[in-house]
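K.L.:
Pasting the sequence and the predicted coordinates here, then a few questions.
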Amino acid sequence: MRNIDRIYINGKFVKPHGTETMDLINPATEEVIGRVTLGDEQDIRDAVTAAKAAFKTFSATTIEERARMLQRLHDVMMEKFDDLNQVAVEEYGAPAAATAGRTRYAAANFLHNMDVMKEFQFEKRIGKAKVALEPLGVIGMITPWNANYTHISTKLAPAIAAGCTVVIKASELSAIQTQEITECFHEAGIPAGVINFVNGRGDVVGAELTRHPDVAMISFTGSTNVGRIIARDGAATMKRMVLELGGKSPNVILDDADYAKAIPLAVMTAFSNSGQACHVGSRLIIPESRLEEVKQLVVKTVEGIKVGSPREEGTFIGPMVNRKQYDTVQRYIRLGAEEGAELIVGGPGRPEGLETGYFVKPTVFANVSMDMTIAKEEIFGPVLSILTYKTEEEAIEIANDTIYGLSAYVSSADLARANRVASRIVAGRVLINGLYDEPKAPFGGFKQSGIGREFGAYGLEAYVEPKTIMGHDVVPQ
Ligand code: NAD
C-alpha cells in the first residue's frame, strides 16, 4: 500500500496544500494499492513560482551543462529500471514485456534530445539580423495515464535541452508511477525549481496550470475534448501550445498485399498497449472481395492472443486502466452491435476465467460503415472495425473520412503504390508494410489530432522563441 502524500516543488518533497484523497487501484485485481493526496490551485501557484525563479539561472546554462543533466536523467531512470517497471505493471496493468520496452524508450528520450540539442542552431544569421532562439520560460506539462514515463520524458527532455523549467501534472491515475519517476529525477541532482511535479485533478490543477499567467506554454497529451478546453482557456494568456490528442487511425490493406502477414500485424497494431494507445490502427480498411479471407485471418489471430495478468509471460492484452475505461469500452461494443456491425470475435463482458479485473474481450466488427459510432470515435481499447472498399480511391476516401489525423498504416507488395497512397493520407505519421520508429522524426497530428509536433528538432523548436536582433554588428559612429 503506497501513500503518495507529497508533491515535488523547488527540489523538495512537500506536503500539498490540497487535502482531497483518491484511492489507487490495481486494474488486474481491483485491489486498492495506494492512496494519493491531490494537490490544488495553490500547489500549482507554488510550483510555478519555483519554476519561474529557477528559470532565471537555468535559462543561462550552457549546452554542456544541460547535456550532463540529460545524461544524468537517462542514467537514473536506467538505474531504477526494475522499480519503474514494477509499479507500471501494478498500477497501469500493461503487460510486463511491453512496459519494459516503454521505460527504456522513455529513458532514451533524454539521450536523443541531448544529440538534437548539440546540433540545434540556437543562434542563426538571416541577412543583417541575428536570430536568437531563446528558451520560452516555464512550461506546463499535462500527461495521460497510458504511458506515464514516456509522456513525461517526451516533454521534459526537450524542455531541459532548450533551457526551460517545468511544472508537470501527470494523470491522477498514475500517481505511483509519477512518484517513482519523480524520485529518480530528484536523484539526478537537477537544480532546485527546474522540475516540479503536482498531483491532482485535471479540472483543478490542470486548469490552474493552463490559466496561470507565468506559464509560457502548455504541452499536453490527452483526449481531443480536453485539448479543446486547454486551447480555449490558454488563449486568455496567449499560451503557446503543443497538443497531442486522439486518433482513429486507418490501416489500409491494398489488394496486392501479403495478407498472411499484413492481417495478423494489423490486429496486433490495433491491440498494442491493450488498445489503449493514441496511434493504434483501429480501422482496418480492406478490399470488399477479400472480406471472407480477412475475417478468417482476423479470428485466427485474435484467438491466439493471450489476455490476462500483465505479470504472466506471453500476455499481450492486460486490463483496461480502470472501471470507467472498462465501461466505456463495453459501451462501444454494445453500440457496434446495436448499429448493425457484424461481431466476428469477442463481444461484451469479460473473457472467460477473468471475472476479477477490468479485462475486456479483444473484439472485432466487420461490415462497419463510416456512419457508425465505432468507426468515428476513439475507443481506446482492443476493439477493431473492418471497413471495405471497391477501389483504391475509395480506400483513401475512407481513410481520410475522420476528424482525426494522427497515424496511418498502408500495406502493398508494390512500394511505389504504397508510397502513392501514403502521400494522400492525411496523418502525421504513415507506416508502410510494418512497424518502425525513428525517435528523432516528428510525431503529432493533422486535423483534430493536435497542434505541433514532438521529438527531434521539430519537438525542440516548440520550446524556444525566436528573437531578432539587428544593429548587433553596427559599430556606433
Ligand atoms: P484526458 O484528456 O482525459 O486526460 C489527460 C490529462 O489531462 C490528465 O492528466 C487529466 O487529469 C488532464 N485534464 C483533464 N481535464 C483537464 C482540464 N480541464 N484542464 C487541464 N487538464 C485536464 O486523457 P486520458 O484519458 O488520460 O488519456 C487518453 C487520451 O489521450 C486518448 O484520447 C488518447 O488518444 C490521448 N493520447 C494521445 C497521444 C498522442 O501522442 N497524440 C498519446 C497518448 C494518449
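P.N.:
Ah, there it is. Residues are numbered from 1 along each chain as shown.
K.L.:
Can you list the residue ranges for strands in the stretch 151-300 of the chain?
P.N.:
Ranges of strands in the stretch 151-300 of the chain, per DSSP state E, counting those that start in this stretch, are 165-169, 195-197, 215-221, 240-244, 250-253, 283-287.
K.L.:
JSON lines please, covering these and showing distance to Ser309, mean pLDDT and mean neighbour count.
P.N.:
In this view, the C-beta of every residue, glycine as well, is placed from N, C-alpha and C. As requested, these are exported to JSON lines (distance: least, C-beta to C-beta, whole Å; pLDDT from 0 to 100; neighbours: other C-beta atoms under 10 Å):
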{"stretch": "strand 165-169", "distance to Ser309": "30", "mean pLDDT": "99", "mean neighbour count": "29"}
{"stretch": "strand 195-197", "distance to Ser309": "30", "mean pLDDT": "98", "mean neighbour count": "28"}
{"stretch": "strand 215-221", "distance to Ser309": "27", "mean pLDDT": "98", "mean neighbour count": "26"}
{"stretch": "strand 240-244", "distance to Ser309": "30", "mean pLDDT": "98", "mean neighbour count": "22"}
{"stretch": "strand 250-253", "distance to Ser309": "28", "mean pLDDT": "98", "mean neighbour count": "27"}
{"stretch": "strand 283-287", "distance to Ser309": "28", "mean pLDDT": "98", "mean neighbour count": "26"}
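K.L.:
And those strands: which comes nearest the ligand?
P.N.:
In terms of C-beta to the nearest ligand atom, the element of those nearest to the ligand is strand 240-244, at 3.4 Å.
K.L.:
Can you give me the distance of the closest residue to Gly456 other than its chain neighbours to Leu406?
P.N.:
Ranked by C-beta to C-beta, 6 or more residues apart in numbering and with sequence neighbours excluded, the top spatial neighbour of Gly456 is Lys440, at 3.6 Å. For Lys440, the distance to Leu406 (C-beta to C-beta, to the nearest Å) stands at 19 Å.
K.L.:
Tyr259 is in contact with Arg290, correct?
P.N.:
Yes - the criterion here is C-beta atoms under 8 Å, and Arg290 meets it with Tyr259 at 6.8 Å.
K.L.:
So between those two, which is more surrounded?
P.N.:
Tyr259 (19 against 16; other C-beta atoms under 10 Å).
K.L.:
Tell me the secondary structure of Val302, please.
P.N.:
Secondary structure, DSSP: H, G, I helix; E, B strand; the rest coil: Val302 is helix.
K.L.:
That one and Leu384, how far apart?
P.N.:
9 Å.
K.L.:
now do Glu31
P.N.:
From Glu31 to Leu384 the distance is 30 Å (C-beta to C-beta).
K.L.:
And for Asn109, the neighbour number?
P.N.:
Close neighbours of Asn109, defined as other C-beta under 10 Å, add up to 26.
K.L.:
who are the neighbours in contact with it?
P.N.:
By C-beta atoms under 8 Å, 6 or more residues apart in numbering, Asn109 lies in contact with Thr150, Ser153, Thr154, Ala157, Pro439.
K.L.:
again, but for Ala60
P.N.:
Residues counted as contacts of Ala60 (C-beta under 8 Å, 6+ apart) are Gly163.
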